[in-house]
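# Here's a sequence, model it:
(one chain, ligands or ions: 1)
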Amino acid sequence: MSKITAAITAVGAYVPEFVLTNAMLENMVETNDEWITTRTGIKERRILKAEGKGTSFLAIKAAQNLIQKASLDPATIDLVIVATATPDMKAASTASYTSTQIGATNAFSYDMDSACSSFLFGMSTAASYIESGRYKKILLIGADKMSSIVNYKDRATCIIFGDGAGAVLLEATEDESIGIKDSILKSDGSGRHYLHMKAGGSLKPASVETVLNKEHFAYQEGQAVFKFAVKGMADVSAELLERNQLTGDDIAWLVPHQANLRIIDATANRMGLDKEKVMINIQKYGNTTAATLPLCLWDWESQLKKGDNIVLAAFGGGFTWGATLLTWGYDSK
Ligand code: UT7
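Numbers count the residues shown, from 1 in each chain. Now for the predicted structure:
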């Protein structure tokens, strides 16, 4: 019997219409376009302005885009995973609402949160289910409404984040030349104080005091995270190539988490990759947390060819980080 692998067979995404530019931020906090551009590479980000709409709105739109593009019958999906750090609400999963809204009537569903690495970790979970033979079709969505946890008076974070969602369909295949080949995934909880939300969890439940202290917003010590991220993402990406006996020449594309252009450049350099092989859309969307990787795949889908070796790499709060090697399975339709 041939081995089953998991391959990406379709991509979808959604970004809200409202564009928050660096010039607009200059009127909100003490910052400037030159600082943001040179320190991060970001020019603008998308924000979900609609009242009463949470991360599920983004996730549903991305899934519907995929379903429509791929002419997929949602009733054939076995599992829906929503990777997110900003679920609609605690305790009722965003994934179960999303799967019902998109007509995935035969799927079970759940959320996964490992901050900016959620989508990468979710891909590994989905691939393992498929490789085991247990499920055949898994919809993995990375979606975050970061504007719901960003303090637009804090220049250290409000210039970075944006809202968006992307989705991939992972399917079982017996074609061993394509699909997910290998992953290195890591976590280190000693880093959790550098990037987190201080209150609203079981450790420090919401109270008048926590709200007044603005502890329900994302908090980041940028420099500490930066140092860890540069080393973490570059190390695992290089190690992944080495253990698969590959060099930068064998890789068609690097799909890096879009947190900072300087972190992306450092990772590409360690892998020996030319800049033309690196997917970069941070200038348009900023850091959309769990959505950065599928938003890249969506933007570059028309350029991807069957047989392309692709490395996806991420780094996030927790700390969490990792890299995955896959071979692309289809030419653009
Ligand atoms: O996605 C999850 C993982 N997250 C990351 O990977 C993010 C990693 N960190 C970063 O990308 C960077 O650390 C930042 C972009 C967040 C910050 O860049 P930095 O080069 O590390 O700047 P810094 O925090 O060291 O600040 C340098 C200076 C400070 O001023 P002084 O003390 O040198 O006078 C800051 O107060 O820049 C100041 N500064 C700003 N100036 C203008 C901080 N934020 C701003 C701002 N505009 N928005």
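# So for the closest residue to the ligand within the stretch 101-250 of the chain, what's the pLDDT?
Each residue of the stretch 101-250 of the chain has a distance to the ligand, by C-beta to the nearest ligand atom, and the smallest belongs to Gly222, at 2.8 Å. All C-beta spots, glycine's among them, are computed from the backbone N, C-alpha and C. The score at Gly222 is 94. That number is its pLDDT.
# give me every residue that touches the residue in the stretch 1-150 of the chain that the ligand sits nearest to.
Scanning the stretch 1-150 of the chain for the residue nearest the ligand gives Thr31, at 3.3 Å (criterion: C-beta to the nearest ligand atom). The neighbourhood of Thr31, defined by C-beta atoms under 8 Å, 6 or more residues apart in numbering, consists of 22, 25, 155, 159.
# okay, among these, which ones form the most distant pair?
In these, two members sit farther apart than any others by C-beta to C-beta. They are Asn22 and Arg155, at 11.6 Å.
# Looking at these two, which is more packed in?
Comparing Asn22 with Arg155 by neighbour count (other C-beta atoms under 10 Å), the higher total belongs to Asn22, at 20 against 16.
# returning to that earlier point: for the closest residue in space to the residue of the stretch 101-250 of the chain closest to the ligand that isn't next to it in sequence, grab the count of nearby residues.
With C-beta to C-beta, 6 or more residues apart in numbering as the criterion, Gly222 has its nearest non-adjacent residue at 5.9 Å, and that residue is Ala156. If you count neighbours by other C-beta under 10 Å, Ala156 ends up with 14.
# Ala156: which element?
For Ala156, the element it lies in under DSSP states H and E is helix 155-158.
# That helix - contacts with which helices or strands?
Other elements packing on helix 155-158 under the criterion 3 or more C-beta pairs under 8 Å, 6 or more residues apart in numbering; DSSP states H and E are strand 218-220.
# Recalculate using a threshold of 6 Å.
Helices and strands in packing contact with helix 155-158 are not found; criterion 3 or more C-beta pairs under 6 Å, 6 or more residues apart in numbering; DSSP states H and E.
# pLDDT wise, what is the residue minimising distance to the centre of the chain at?
The residue lying closest to the centre of the chain (C-alpha atoms, centre = their mean) is Ala290, at 2.8 Å. pLDDT, Ala290: 98.
# Name the SS class of it, please.
Secondary structure for Ala290, judged by DSSP: H, G, I helix; E, B strand; the rest coil, is helix.
# ok, it - contacts?
Taking C-beta atoms under 6 Å, 6 or more residues apart in numbering as the definition of contact, the neighbours of Ala290 are 83-84, 118-119, 142, 144.
# if you go through this protein in chain order, where are the helices?
All helices of the chain, identified by DSSP state H, fall at 22-26, 33-40, 55-70, 94-101, 118-131, 155-158, 208-212, 222-243, 261-271, 282-285, 292-300.
# Kindly export the last one (C-alpha atoms) in PDB.
Presented in PDB, the C-alpha positions along helix 292-300 are these (Å, rounded to 0.1, in the frame of the first residue of the first chain):
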ATOM      1  CA  THR A 292       0.200  35.800   7.300                       C
ATOM      2  CA  LEU A 293       1.200  32.400   5.700                       C
ATOM      3  CA  PRO A 294      -2.000  31.700   3.900                       C
ATOM      4  CA  LEU A 295      -2.300  35.300   2.800                       C
ATOM      5  CA  CYS A 296       1.100  34.900   1.100                       C
ATOM      6  CA  LEU A 297       0.000  31.600  -0.600                       C
ATOM      7  CA  TRP A 298      -3.100  33.400  -1.800                       C
ATOM      8  CA  ASP A 299      -1.100  36.400  -3.200                       C
ATOM      9  CA  TRP A 300       1.500  34.100  -4.900                       C
END
